[in-house]
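S.K.: mind looking at a prediction? Sequence and model below.
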Number of protein chains: 2
Amino acid sequence: MSSTIIVNTPVLSGAGALYRKHGLTAKTVVIFDENTRNLFRDQVIATLEAEGFRLLELTVPARETSKSLNAAYRLYATMIEAGVDRSWNLLAVGGGVVGDLGGFIAASYYRGIPVVQCPTTLLAMTDSAIGGKVAINHPLGKNLIGFFHMPELVLIDPSFLRTLPEREIFAGMAEVVKYGFIADRTFLDWLEEHFDRITALKEPFLTEAVRRSSSIKADVVEKDFRETTGLRATLNFGHTFAHGLEKLAEYRYLRHGEAVTLGMICALWLSNGLGYLSEKDLQGGLDLLARFRFPKGVIKRRFLAHSSEALLENMFSDKKKLDSKLRFVLLKKPGEAFLLEENVDDREVLKAIERARAFVATAAKH
Amino acid sequence: MSSTIIVNTPVLSGAGALYRKHGLTAKTVVIFDENTRNLFRDQVIATLEAEGFRLLELTVPARETSKSLNAAYRLYATMIEAGVDRSWNLLAVGGGVVGDLGGFIAASYYRGIPVVQCPTTLLAMTDSAIGGKVAINHPLGKNLIGFFHMPELVLIDPSFLRTLPEREIFAGMAEVVKYGFIADRTFLDWLEEHFDRITALKEPFLTEAVRRSSSIKADVVEKDFRETTGLRATLNFGHTFAHGLEKLAEYRYLRHGEAVTLGMICALWLSNGLGYLSEKDLQGGLDLLARFRFPKGVIKRRFLAHSSEALLENMFSDKKKLDSKLRFVLLKKPGEAFLLEENVDDREVLKAIERARAFVATAAKH
């Protein structure tokens, strides 16, 4: 299972020919959130109309609660009433919320219509829009209801990032750097060299960073689509810690990428503490992660203010507390991650968190 | 994509070894409707508990409205609260409603857990439980929200049919006979010979009819899973007419199999009227279909009372009225169906309906 990923500016011009080439009709449900509608609607719709597309436009609020069964229910109704049938496809223009909701709708409408993802955040361009994981939330948990529904196309226009706040750029950059850590030492070195250019959205560095990140993600997904070999699990480098931090922050006060960055700092220390990662490689990794400019108040309140024990406790999902073990992705060296099969002693985890806290506290002073 | 189908009595004993063989854990959400719970719960649960299964039992009302997003929402909640994670699987014990709802839940919970279908009606055993089409209804239309989610196993125990009312047996028999018409002349002849024994649930005839029907369905599905070649479409023999009849009956007063039987009578006449089916084969097919014992009042009110024009009009789905054409599956000869690509003149369709009405009116007198 694979998608065609196109990274280009402007990516939507020529959509007609591109859709035809990929067996997609020129009948498209376009879904925006309120923000992406304001920013990109005119450009997207004008381009598609010029190419002769028949369109149905949908807009959802730009917030996590749009990923709900209720929202899906309303969108289904609009689509049914507009006569959308299985000869149509769906284009999701937005970040993770629109991509997930749009993918969910496409996966389930008439037992599945094709979806094209047009991600507008750095996180979506390099991660969530790629790989076919789509889901909505249940009041009892995030992303619990969903499917694997591969996009036919992922259309990425890095120029869409010019409207993104700096905080979101750094949050997205977390996943970019993650790909270097888990899969590509050369890319990691290149990221280190051009870190400031990329986060300042300088071309061709930005496009190259997006292209290589999306390509690594797609490659991992293709090799292990249903997460059976452990390879896809390496995409969760830093995420076991990050999930605990996001939960402590009530899923609101910390960006996912911020949590992942802090989580990778913990994971580097754990990789070193368990004897897998050398001191030198640990230090190199930490130096790179120290370059992320996150709001200091957020780091203080949402990371340093918590005890290591509180973080550890929140890393377990509620329903698994009784009988589950935490799974960790560790580094052997930069560019080479693996899913640790054995259980890790809580004391080692706590030690890694302590060291990460000390490192972040020191870095935050500069 | 294929499922293992097991037809046997008792089919659930030895489930432990069977599940292991198919890579399924002994952690199962069992979903019943109120009827199948009353009839089969003790037997099913006792068998699984004796095999050491960890179980979560769910029950839904035995009616079409259980196939709703609301019902799914409540079941998700119960599963989440019970700690069901992706290491579990789901067993659907029931007819079309439970099979569809259970399959929908399994397809979407945690992005998909395995489903095992244990159909309890003749229609489900030979048709709906096989092939991975699962769906729920939207108030604006039936089966609009759904997926392809192949069951890992289909466990069929024909002895479960002993509790089924005769009307449901004949309704299910419609699809059995359909398989003969579309794919297997030898099977069709055998059905004709043993029709009364099968509908009286005599063994080994009943089990053999179920086995061959489910096997034809599985074979067609495997060859054309996503309905791209036209082969899977032949499963809709008689169904274009049947959909109109079901709609005229408000989806309540006519069993699906009753509508399909009447629809096949129309489709035989249309096949003959358009020059594909010989007079002799037409007559042979009609003779077999005349043996179905449906309530005469139902046939009168739900078929003979409608004009041919009213039926034709209702064969179009509402949203397609403006720009769509009806698609027909026709017979060249018994055992050989095809999807007609060309449009059929309305007058030919009306003529076929008229002849079917005349035939049914005469047959109903005897």
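M.R.: Thanks, I have it. Numbers count the residues shown, from 1 in each chain, chains lettered A, B, ... in the order given.
S.K.: can you list the residues of the stretch 151-300 of chain A near chain B?
M.R.: By C-beta under 8 Å from any C-beta of the partner chain, no residue of the stretch 151-300 of chain A approaches chain B. Heads up, the C-betas are built off the backbone N, CA and C, glycines and all.
S.K.: which residues in chain A form helices?
M.R.: Secondary structure of chain A (DSSP state H): helices located at A:15-21, A:34-50, A:69-81, A:96-108, A:122-123, A:166-183, A:185-199, A:205-223, A:239-248, A:256-273, A:279-289, A:296-299, A:308-315, A:346-365.
S.K.: can I get the ones you listed in CSV with mean neighbour count, mean pLDDT and distance to residue B:338?
M.R.: Below are the helices of chain A laid out as CSV (neighbours: other C-beta atoms under 10 Å in any protein chain shown; pLDDT from 0 to 100; distance: least, C-beta to C-beta, whole Å):
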stretch, mean neighbour count, mean pLDDT, distance to residue B:338
helix A:15-21, 16, 93, 29
helix A:34-50, 17, 96, 37
helix A:69-81, 18, 95, 30
helix A:96-108, 26, 97, 31
helix A:122-123, 28, 96, 50
helix A:166-183, 23, 97, 50
helix A:185-199, 17, 98, 54
helix A:205-223, 21, 96, 37
helix A:239-248, 23, 95, 52
helix A:256-273, 26, 97, 52
helix A:279-289, 17, 98, 63
helix A:296-299, 14, 93, 65
helix A:308-315, 17, 94, 58
helix A:346-365, 17, 93, 64
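S.K.: and residue B:226, which of the ones you listed is closest to it?
M.R.: helix A:96-108 (13.5 Å; C-beta to C-beta).
S.K.: and that closest one, how far from the chain's centre?
M.R.: Here helix A:96-108 shows a centroid-to-chain-centroid distance of 14 Å under the convention C-alpha atoms, centre = their mean, to the nearest Å.
S.K.: what's the burial count for the closest residue to residue A:195 other than its chain neighbours?
M.R.: Spatial nearest neighbour of residue A:195, chain neighbours left out: residue A:291 (5.5 Å); criterion: C-beta to C-beta, 6 or more residues apart in numbering or on different chains. Number of residues near residue A:291 (other C-beta atoms under 10 Å in any protein chain shown) recorded here: 15.
S.K.: likewise residue A:332?
M.R.: Residue A:332 - counted by other C-beta under 10 Å - has 13 other residues nearby.
S.K.: quick one, what contacts it?
M.R.: Neighbouring residues of residue A:332 by C-beta atoms under 8 Å, 6 or more residues apart in numbering or on different chains: A:271, A:276, A:277, A:338.
S.K.: who wins for most neighbours among those?
M.R.: Neighbour-wise, those (other C-beta under 10 Å) top out at residue A:271, 28 neighbours.
S.K.: that one reaches residue A:333, doesn't it?
M.R.: No: judged on C-beta atoms under 8 Å, residue A:271 makes no contact with residue A:333 at a distance of 9.2 Å.
S.K.: pull up the overlap in contacts between the two.
M.R.: Common contact partners of residue A:271 and residue A:333 (C-beta under 8 Å, 6+ apart): residue A:277.
S.K.: centre of the chain to stretch A:352-359, how far?
M.R.: When distances are taken as C-alpha atoms, centre = their mean, stretch A:352-359 is centred 25 Å away from the chain's centroid.
S.K.: now stretch A:306-318
M.R.: Per C-alpha atoms, centre = their mean, the centroid offset for stretch A:306-318 relative to its chain is 22 Å.
S.K.: is chain B contacted by it?
M.R.: No: shown here: stretch A:306-318 not in contact with chain B (C-beta under 8 Å from any C-beta), separated by at least 8.6 Å.
S.K.: which residues touch residue A:258?
M.R.: A:170, A:171, A:174, A:292, A:294, A:298, A:299, A:302.
S.K.: what does residue A:24 give?
M.R.: A:89, A:114, A:116, A:152, A:153.
S.K.: hmm, back to that, the residue nearest to residue A:195 and chain B, how far apart?
M.R.: Residue A:291 is 34 Å from chain B, where distance means C-beta to the nearest C-beta, to the nearest Å.
S.K.: rewinding a little: show me the two of the contacts of residue A:24 that sit farthest apart.
M.R.: The span of these, defined through C-beta to C-beta, is set by A:89 and A:153 at 9.4 Å.
S.K.: what's the overlap in contacts for those two?
M.R.: A:19, A:24, A:116.
S.K.: who's in contact with the first one?
M.R.: Listed by C-beta under 8 Å, 6+ apart, the contact partners of residue A:19 are A:25, A:26, A:89, A:116, A:153.
S.K.: who does the last one form a beta bridge with?
M.R.: Each beta-bridge partner of residue A:153 is listed here, defined by DSSP bridges: residue A:4, residue A:116.
S.K.: residue A:22 is in contact with that one, correct?
M.R.: Yes: Residue A:153 is within contact range of residue A:22, at 5.9 Å (criterion: C-beta under 8 Å).
S.K.: now the common contact residues for these two.
M.R.: residue A:4.
S.K.: more neighbours, these two?
M.R.: The residue with more neighbours, out of residue A:153 and residue A:22, is residue A:153; 23 against 14, by other C-beta under 10 Å.
S.K.: how much space separates that one from residue A:205?
M.R.: 24 Å (C-beta to C-beta, to the nearest Å).
S.K.: and what of residue A:275?
M.R.: Distance from residue A:275 to residue A:205, counting by C-beta to C-beta: 36 Å.
S.K.: ok, residue A:233 next?
M.R.: Distance from residue A:233 to residue A:205, counting by C-beta to C-beta: 29 Å.
S.K.: equivalent analysis for residue A:101, please.
M.R.: In terms of C-beta to C-beta, residue A:101 sits 31 Å off from residue A:205.
S.K.: which residue does the stretch 151-300 of chain A have closest to chain B?
M.R.: The stretch 151-300 of chain A approaches chain B most closely through residue A:226 (8.4 Å), counting by C-beta to the nearest C-beta.
S.K.: what residues are up against the closest residue to that residue other than its chain neighbours?
M.R.: Spatial nearest neighbour of residue A:226, excluding adjacent residues (C-beta to C-beta, 6+ apart): residue A:148 at 6.9 Å. Going by C-beta under 8 Å, 6+ apart, residue A:148 touches A:1, A:132, A:133, A:134, A:225, A:226, B:111, B:112.
S.K.: circling back: quick check: phi and psi on the residue nearest to residue A:195?
M.R.: With angles defined as degrees, to the nearest 10, residue A:291 sits at phi -80, psi -10.
S.K.: that one against residue A:198, yeah?
M.R.: No: contact criterion C-beta under 8 Å: residue A:291 and residue A:198 do not qualify, at 10.8 Å.
S.K.: about what we covered before: in a markdown table: the contacts of residue A:332, plus distance to residue B:353.
M.R.: Converted to a markdown table, the contacts of residue A:332 look like this (distance: C-beta to C-beta, whole Å):
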| residue | distance to residue B:353 |
| --- | --- |
| A:271 | 73 |
| A:276 | 74 |
| A:277 | 76 |
| A:338 | 66 |
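S.K.: quick check: the farthest pair among those residues?
M.R.: Within the contacts of residue A:332, A:277 and A:338 form the most distant pair, 11.2 Å apart (C-beta to C-beta).
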